[in-house]
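K.L.:
Everything below, folded, please.
(one chain, ligands or ions: 1)
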Amino acid sequence: MFLKPQTKKPEAAKHTVDPALQPWVEKYRPKTIDDISSQDHTVAVLRKTLQSTNLPHLLFYGPPGTGKTSTILALARQLYGPANFRNRVLELNASDERGIAIVRDKIKNFARQTPRAATASADGQVYPCPPYKIIILDEADSMTQDAQGALRRIMETYARITRFCLVCNYVTRIIEPLASRCSKFRFKPLESTSTLSRLSYISSEEHVGVSNEVLQTLVDASGGDLRRSITYLQSASRLAASTQPPTPITSVDVLEIAGVVPDHVILKFASRLGIEPFGDTMDIDMSTQKTGFDSIREEVRLLVREGYSGTQILSQLHDLTIMHPTLTSRQKARCALVFAETDKAFCDGGDEELWVLETALRVHKALAA
Ligand SMILES: Nc1ncnc2c1ncn2[C@@H]1O[C@H](COP(=O)(O)OP(=O)(O)OP(=O)(O)O)[C@@H](O)[C@H]1O
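P.N.:
Numbers count the residues shown, from 1 in each chain. I've put the predicted structure just below:
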C-alpha cells in the first residue's frame, strides 16, 4: 500500500544507444500495445481505437511501473510510425516545469499548430497517421491547479488537431473538469504471473541464469511494479557478474538490492509494538521483548541507521498487521487508519524517522486499546 520510493526513470534515449549499455527497462520497453503485459482491458479498448484512429483525450492512472507511459508511447508509434512520431508527439515529463507558464507557452504553442503533412516511412510500412497531434503529459498530477485549469480550455479549443494523454499515479489530484474530458483507464499492479513471464523473457534474452526462487523473490519485492523488478534484476545480475569467479544471483542479493527488511528484524520490531509472532516466527521470545516509548524509539533508530527506508519498514509492518491471524478486525482497522495517515504524510514529504516513530507508537496504542 505504501508508495514505494520510485526507481528513477531513465531518460528516454534520444539518440541510438549501444544496447549493451542501455538500462533494461528502456531496452525492453514495449514497442507495440500488444507487448504490454497484464493490462488486457485497456489494451483491448486501445486496439479498437487504433483501428478507428479516432483517439479521445486519455487519462491513464495507476501505480508506478505498470505500463502507462509505455502504452501511450507504443500507441503513438503505431499511429504515426518513425517518420512522423517526432513532429506529431510532444512528451512532457516530470523534469519539465509544471506551472501555468508551460501550459501557456509550450503546450499551447504545440497544441495550436496544424499538424504537418505526413511523410512516408522509410520502413515501407503504412501508418494511419490521423490528422491530429498528441501531447503526453507524464506525471500530470504534479501540475498546479492553475496549470490544470488553463489546460482545460486548450483541450477544448484545439481538440480537432490535438489530443491529450494525461498520465498520473493519483487520479484524485486531477481536477474534475479535466478528468471529465478524458476517457479514463486504470492501470493495475502487474499480476505475479505476468511479471514472472516478463522477467523470464528478459533474463533469457540477456543470458542471465536465474532460479525460480530468485524470480519469485523479484516478484515479491517489487509489488506489481514491473519497472522496479526489471531494475532489480539488472542490478543483481551486475552484482553477480562482478564477483570472481562470477556467481549465480541469489534471493539474498535481490532482497538486499530491494532494501527489504529481513523477516527476523521486522518481526522483532513488530513484537516491540505488541504484535505477537505467528506461524514460522513463533521462536521470537516475547518475554524478553520490552515495549514502551524508549525501546520503540531505540528500535526505530536502529532500523533507520541500518539504512532501511521508512516506506519499506512500514509497508512490511502493514502487511504483517493486516495478515495477522489473531488480531481482531477492530484492531486491524485502527492500525490501517494509522498507516493510511502515514502514507499521506510521506507523500507530503514528512520526515521518515519521525513518522516511523509516530506510526509505531500509534500502532502500539491502537493494539493496546
Ligand atoms: N504492463 C507492462 N508491460 C510491459 N512492460 C512494462 C509494463 N509496465 C512496465 N513495464 C516496464 O517498465 C518500464 C516502465 O514502464 P512505464 O514507464 O510504462 O511505467 P508507468 O506506469 O508509466 O510508471 P510511472 O507511473 O512511474 O510513470 C517500461 O520501460 C517497461 O520495461
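K.L.:
Now whichever residue of the stretch 1-150 of the chain sits closest to the ligand. Nearest residue, chain neighbours left out?
P.N.:
Relative to the ligand, the nearest point of the stretch 1-150 of the chain is Gly67 (2.8 Å; C-beta to the nearest ligand atom). For glycine as for every other residue, the C-beta is placed from the backbone atoms N, C-alpha and C. Using C-beta to C-beta, 6 or more residues apart in numbering and skipping the chain neighbours, the partner closest in space to Gly67 is Ile36 (5.1 Å).
K.L.:
try Glu353
P.N.:
Closest to Glu353 by C-beta to C-beta, 6+ apart is Val304, at 4.8 Å.
K.L.:
quick one: buried residues of stretch 155-172?
P.N.:
Residues 155, 158, 162-169, 171 are the ones in stretch 155-172 that count as buried (16 or more other C-beta atoms under 10 Å).
K.L.:
got it, and stretch 205-218?
P.N.:
For stretch 205-218, by 16+ other C-beta under 10 Å, it's 208, 210, 214-218.
K.L.:
quick check, nearest of these to the ligand?
P.N.:
Out of the buried residues of stretch 205-218, the member with the shortest distance to the ligand (by C-beta to the nearest ligand atom) is Leu218, at 13.1 Å.
K.L.:
Next one, pLDDT for the closest one please.
P.N.:
On pLDDT, Leu218 comes in at 97.
K.L.:
Can you tell me the SS state at it?
P.N.:
helix (DSSP: H, G, I helix; E, B strand; the rest coil).
K.L.:
My understanding was that it contacts Val254; is that so?
P.N.:
Yes: assessed by C-beta atoms under 8 Å, Leu218 is found in contact with Val254 at 5.7 Å.
K.L.:
Identify the contacts common to these two.
P.N.:
Residues touching both Leu218 and Val254 (C-beta atoms under 8 Å, 6 or more residues apart in numbering): 232, 236.
K.L.:
Contact residues of this structure facing the ligand?
P.N.:
6, 25-26, 28-30, 36-39, 64-70, 138, 167, 169, 187, 190, 198, 226-227, 230 (C-beta under 6 Å from any ligand atom).
K.L.:
Write the ChimeraX selection for whichever of those residues are buried.
P.N.:
Entered in ChimeraX, the line below selects the buried ones among the residues of the chain next to the ligand, by 16+ other C-beta under 10 Å:
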select :25,28,29,30,36,37,38,39,64,65,66,67,68,69,70,138,167,169,187,190,198,226,227,230
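K.L.:
Return the subset of the residues of the chain next to the ligand lying in strands.
P.N.:
Counted as lying in strands by DSSP state E, out of the residues of the chain next to the ligand, are Val167.
K.L.:
what about the strands in the stretch 1-150 of the chain?
P.N.:
Taking DSSP state E, counting those that start in this stretch, the strands of the stretch 1-150 of the chain run over residues 58-61, 89-92, 133-137.
K.L.:
Go through those strands and name the closest to Ala44.
P.N.:
Smallest distance to Ala44 across the strands of the stretch 1-150 of the chain (C-beta to C-beta): 14.7 Å, for strand 58-61.
K.L.:
Low-confidence ranges, the stretch 151-300 of the chain, go.
P.N.:
When residues are selected by pLDDT under 70, those of the stretch 151-300 of the chain lie in 279-291.
K.L.:
which residues of it fall in helices?
P.N.:
Using DSSP state H, counting those that start in this stretch, the helices of the stretch 151-300 of the chain run over 176-179, 192-205, 212-222, 226-242, 251-258, 263-272, 293-305.
K.L.:
So in this structure, which helix runs the longest?
P.N.:
The helix that spans the most residues within the chain, counting by DSSP state H, is helix 68-88.
K.L.:
Not counting its own residues, what contacts stretch 242-260?
P.N.:
Applying C-beta under 8 Å, 6+ apart, the contact partners of stretch 242-260 are 208-211, 213-214, 217-218, 221-222, 228, 232, 235-237, 239-240, 262, 307-309, 312, 316.
K.L.:
Sweet, I'm off.
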